[in-house]
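Trainee: Pasting the sequence and the predicted coordinates here, then a few questions.
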Amino acid sequence: MREILVYAASQGGELTKPALEALGTGRRLAGEAGVPLSAVVLGADTDGPARAAIACGAGKVYAARNPILANFQPDLYLRGLEAAAAASGADVLLFPGDGPGRELAGRLAHRLGAGAVTEVVGYRLDGGVPLWVRPVYGGKAMAVYAPARERVVVALRPKTQDPAVPDPSRQGEVVPLAFEVSEAEAVTRVVEKIQEALSGVRLEDARVVVAGGRGLGGPEPFKDLEELARILGGAVGASRAACDAGWVPPTLQVGQTGAIVAPDLYIAIGISGASQHLAGISGAKTVIAINKDPEAPIFKRANLGIVADYKTVLPALTAELKKLVGA
Ligand SMILES: Cc1cc2nc3c(=O)[nH]c(=O)nc-3n(C[C@H](O)[C@H](O)[C@H](O)COP(=O)(O)OP(=O)(O)OC[C@H]3O[C@@H](n4cnc5c(N)ncnc54)[C@H](O)[C@@H]3O)c2cc1C
């Protein structure tokens, strides 16, 4: 390995959480392997993100600054990333593995003729060469990927990496990138942006998640989950079955094809614990499951299991907690 380049994605002038995680991993790996760490920032104004990336340990930051990069547009962003990849010569390119990061990682790898590994949760060094670890078969097994090309683009699964701890006293160099990009290169265009209405805590950021599944039997009981979540200062989540049934919006889905959460407490109510659901809660510290089937797989993951009909447990639990917090 010669050099690591991290895509330091930003929003509103600040690095995103998944970008901080990518920088954290980049810094650790660079330190262990004794190679330089650099970063690339894109946008209409790159000063703030560039300073932040240096504070997070990047020795060099490639700044692709252009007014038409003000909003995320993958076709245009790729041009900036290509320019950074050419300028740096890095052979390991680390990406935050959120939606935009995953899309850019795959497309950039294709353009560079590099290997691509997504959903990476860890690495190990083998004679100075990083091998990438990612879950497969819905989290039932781990696969280790060795690079088969000179370069590899790696997207890290969010919430699985320790974020970089910024130190504003760190020094680094900002290298402005000269690159051509025009709106005409975009094969799609953003027609409208709709801000999702959000009351309370974001699911991905919540320290407590109260999640419901098909076992709830319909949309109505989710109101009771909302109340429990409110008392605990948390957010409501759901299994795919509950989302597919239209009981709650798909944005609440937790799992392999939904949100990846890492709360201190995850309460799974009427959720069987399919591997695809568990893939979304591997970072949860404590899991409490309420399920009437003692054989439900969720109990293998749960720290505390209550074998019962949720209809008897939930009102009692909510009432007790209300008393405790004085709600
Ligand atoms: C490619 C792929 C991706 C997927 N991605 C996801 C994903 O991201 N997230 C996800 O969740 N799933 C995902 N799935 C679906 C997954 O395989 C399961 O089908 C789904 O998680 C099941 O949801 P569930 O646990 O709510 O329902 P079920 O498996 O039907 O479980 C319902 C549970 O409720 C219990 N129950 C019933 N009545 C009560 C009661 N009164 N009180 C207490 N307990 C009760 C039952 O005992 C049962 O264990 C994916 C599947 C595939 C193939």
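Mentor: Yes, it's here. Numbers count the residues shown, from 1 in each chain.

Trainee: for stretch 169-182, how far is the first residue from the last?
Mentor: 36 Å (Cα to Cα, to the nearest Å).

Trainee: model confidence over stretch 202-209, on average?
Mentor: Stretch 202-209 carries an average pLDDT of 93.

Trainee: and that stretch, which residues are buried?
Mentor: Along stretch 202-209, these residues count as buried under the neighbour rule (16 or more other Cβ atoms under 10 Å): 203-204, 206, 208-209. All C-beta spots, glycine's among them, are computed from the backbone N, C-alpha and C.

Trainee: Output those in a markdown table, with distance to the ligand appended to each entry.
Mentor: Shown next, in a markdown table, are the buried residues of stretch 202-209 (distance: Cβ to the nearest ligand atom, whole Å):
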| residue | distance to the ligand |
| --- | --- |
| 203 | 13 |
| 204 | 14 |
| 206 | 17 |
| 208 | 18 |
| 209 | 13 |
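
Trainee: Among those residues, which are located in strands?
Mentor: Using DSSP state E, the subset of the buried residues of stretch 202-209 located in strands is 208-209.

Trainee: For the buried residues of stretch 202-209, which two are the farthest from each other?
Mentor: 204 and 208 (12.9 Å; Cβ to Cβ).

Trainee: Is the nearest residue to residue 317 once chain neighbours are set aside part of a helix or strand, or is it coil?
Mentor: Leaving aside its chain neighbours, residue 317 sits nearest to residue 228 (7.1 Å; criterion: Cβ to Cβ, 6 or more residues apart in numbering). Going by DSSP: H, G, I helix; E, B strand; the rest coil, the secondary structure assigned to residue 228 is helix.

Trainee: I'd assumed residue 319 was in contact with residue 228.
Mentor: No - between residue 228 and residue 319 there is no contact under Cβ atoms under 8 Å: 10.4 Å.

Trainee: Tabulate the buried residues of stretch 202-209 (TSV), appending distance to residue 292.
Mentor: Output for the buried residues of stretch 202-209, formatted as TSV (distance: Cβ to Cβ, whole Å):
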residue	distance to residue 292
203	25
204	29
206	26
208	23
209	21
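
Trainee: out of the buried residues of stretch 202-209, who's nearest residue 55?
Mentor: Nearest member of those to residue 55, counting by Cβ to Cβ, is residue 204, at 23.6 Å.

Trainee: residues touching that closest one, list them.
Mentor: Residue 204 makes contact with 158-159, 259-261 under the criterion Cβ atoms under 8 Å, 6 or more residues apart in numbering.

Trainee: how far away is the residue in the stretch 51-200 of the chain positioned nearest to the ligand from residue 267?
Mentor: Using Cβ to the nearest ligand atom, the closest approach of the stretch 51-200 of the chain to the ligand is made by residue 138 at 6.9 Å. As judged by Cβ to Cβ, to the nearest Å, residue 138 and residue 267 stand 22 Å apart.

Trainee: more neighbours, the two?
Mentor: Between residue 138 and residue 267, counted using other Cβ atoms under 10 Å, residue 267 has the larger neighbour count: 28 against 15.

Trainee: Need the per-residue pLDDT for residue 186.
Mentor: Reported pLDDT for residue 186: 87.

Trainee: likewise the one 4 residues further on?
Mentor: The confidence metric pLDDT takes the value 81 at residue 190.

Trainee: Need the nearest residue in space to it, chain neighbours excluded.
Mentor: Among residues not flanking residue 190 along the chain, residue 71 sits closest, at 6.1 Å (Cβ to Cβ, 6+ apart).

Trainee: Can you tell me the SS state at that neighbour?
Mentor: coil.

Trainee: That one: neighbouring residues, count only.
Mentor: Number of residues near residue 71 (other Cβ under 10 Å) recorded here: 11.

Trainee: Residue 76: neighbour count?
Mentor: Applying other Cβ under 10 Å, we find 20 residues neighbouring residue 76.

Trainee: Show me which residues of stretch 128-143 are buried.
Mentor: Neighbour-count burial for stretch 128-143 [16+ other Cβ under 10 Å]: 130, 132-135, 139.

Trainee: Write out the residues of the chain neighbouring the ligand.
Mentor: Within the chain, the positions near the ligand by Cβ under 6 Å from any ligand atom are 213-215, 239-242, 253-258, 270-272, 274, 276-277, 280, 290-293, 296, 309-311.

Trainee: Ends of stretch 67-83, what's the gap?
Mentor: First-to-last residue span, stretch 67-83, Cα to Cα: 16 Å.

Trainee: Need the contact partners of it.
Mentor: 7, 40, 42-44, 62, 64, 66, 100, 103-104, 107-108, 111-112, 177-183, 185-190, 193.

Trainee: show me what contacts the residue of the stretch 51-200 of the chain closest to the ligand?
Mentor: For residue 138, the contact set (Cβ under 8 Å, 6+ apart) comprises 256, 274-276, 278-279.

Trainee: If you rank the residues you listed by neighbours, which is first?
Mentor: residue 278 (23 neighbours).

Trainee: List phi and psi for that one.
Mentor: phi -60, psi -30 (degrees, to the nearest 10).
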